[in-house]
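Student: need a structure here:
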Amino acid sequence: MVRLHLPLLALLPALSAALALPAQDKPAGEANTNQSPDRLSEWPKLPTTDADRVLGLVGQFKKPEAKLYEPARQQLIQVGEAAMPLVMQQCSDRPDNVNDQLFQVFDAVLTERHAALMSREAQKPRLELRRYLTMRLSRMAGADLVPFFEKMRKDADEQTAFFADLALLARKRRDALPGVTAYARKSWTEALPHLAAVLPAARSLQCGTWVFESITKAAVVDQMTGLRLLRFLATNEHAGLLRGYFDAPDNAVKGEACNVARVLHGEEPIEKMPVFKVIQEARKWKEKL
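Tutor: Modelled structure (predicted):
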């Protein structure tokens with residue numbers, strides 16, 4: 001357990017009180033915007049004559065010849081948004097699914113223009129589709145998506161609930177921090193690209209302080225996880241709090257604190273930092289911060 005010096009501990013309540021905002025506050029950056037005026041409320045109608053063609057193209061993904069996949073994918077992308085409801089119906093939770101190929105089509109076609117429609121589709125029973133769409137929506141702006149994320153954070157699927165909590169934390173919802181932390185602690189490698197894509201919208205003195213408060217007296221693994229989240233949430237104003245962790249008795253915690261400092265100074269974090277490097281980095285950042 002890391003024990004911060006008393007002056008650092010004393011900073012936490014004061015920072016928290018000074019920064020207290022309603023839980024519904026919107027996040028910084030793009031996620032602070034309201035619903036985009038060009039968002040669709042209904043899918044464009046797919047001509048009946050195109051339905052068989054779309055199903056035939058999806059069928060190409062089920063064949064063993066991989067050379068067929070790219071042409072089929074490009075043709076589905078060309079058909080565009082009108083084909084998406086029918087293509088979504090082809091997503092499956094069965095082991096023999098072709099979801100990865102279909103998701104690549106969605107990656108190319110679906111944008112914030114389709115956010116309301118995607119949130120509607122995400123509430124249907126198919127788990128793989130629900131998880132994918134919640135992930136995509138977590139990277140989109142708009143306060144109008146909050147009710148959707150509120151519902152999906154209660155999803156029985158752990159990863160889907162994580163994406164919803166992540167979106168809410170990006171909107172500066174403190175109550176979403178425990179869910180994000182729990183998933184990141186358990187599945188860091190899987191969580192990392194999503195954290196990197198979504199959380200920086202909430203980087204602020206306020207949100208970084210929440211994390212520091214949550215790890216002050218926490219176990220080593222929880223301090224490590226919190227510091228990992230601080231790569232995306234901390235600001236230079238947290239230097240005083242961060243310095244306390246350069247003297248942590250556990251080298252893993254010390255290394256994660258060094259990674260926060262590296263990120264704040266435009267350097268890449270070092271995953272699985274060797275002990276000798278941890279000692280060097282801690283010494284460097286103690287002098288620099």
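Student: from now on I want contacts and neighbour counts done on CA atoms only, so please keep to that.
Tutor: Fine.
Student: how far away is residue 124 from residue 134?
Tutor: Computed with CA to CA, to the nearest Å, the distance linking residue 124 and residue 134 is 12 Å.
Student: and those two? which has more neighbours close in?
Tutor: More crowded of residue 124 and residue 134, by other CA atoms under 10 Å: residue 134, with 26 against 10.
Student: so who does the closest residue to residue 81 other than its chain neighbours touch?
Tutor: Take residue 81 and drop its neighbours on the chain: the residue closest to it by CA to CA, 6 or more residues apart in numbering is residue 109, 6.3 Å away. For residue 109, the contact set (CA atoms under 8 Å, 6 or more residues apart in numbering) comprises 77, 80, 81.
Student: for the second one, the count of nearby residues, please.
Tutor: Put plainly, it is residue 80. With other CA under 10 Å as criterion, residue 80 counts 17.
Student: how much space between it and residue 284?
Tutor: Distance from residue 80 to residue 284, counting by CA to CA: 53 Å.
Student: format the contacts of residue 109 as TSV; extra columns: secondary structure.
Tutor: Below are the contacts of residue 109 laid out as TSV (DSSP: H, G, I helix; E, B strand; the rest coil):
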residue	secondary structure
77	helix
80	coil
81	helix
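Student: what is the nearest of the residues you listed to residue 164?
Tutor: residue 81 (24.2 Å; CA to CA).
Student: report pLDDT for that closest one.
Tutor: At residue 81, the model reports a pLDDT of 97.
Student: now residue 28
Tutor: Reported pLDDT for residue 28: 33.
Student: could you do residue 141 as well?
Tutor: 87.
Student: how is it assigned, secondary-structure-wise?
Tutor: coil.
Student: just give me the neighbour total for it.
Tutor: Neighbours of residue 141 (other CA under 10 Å): 24.
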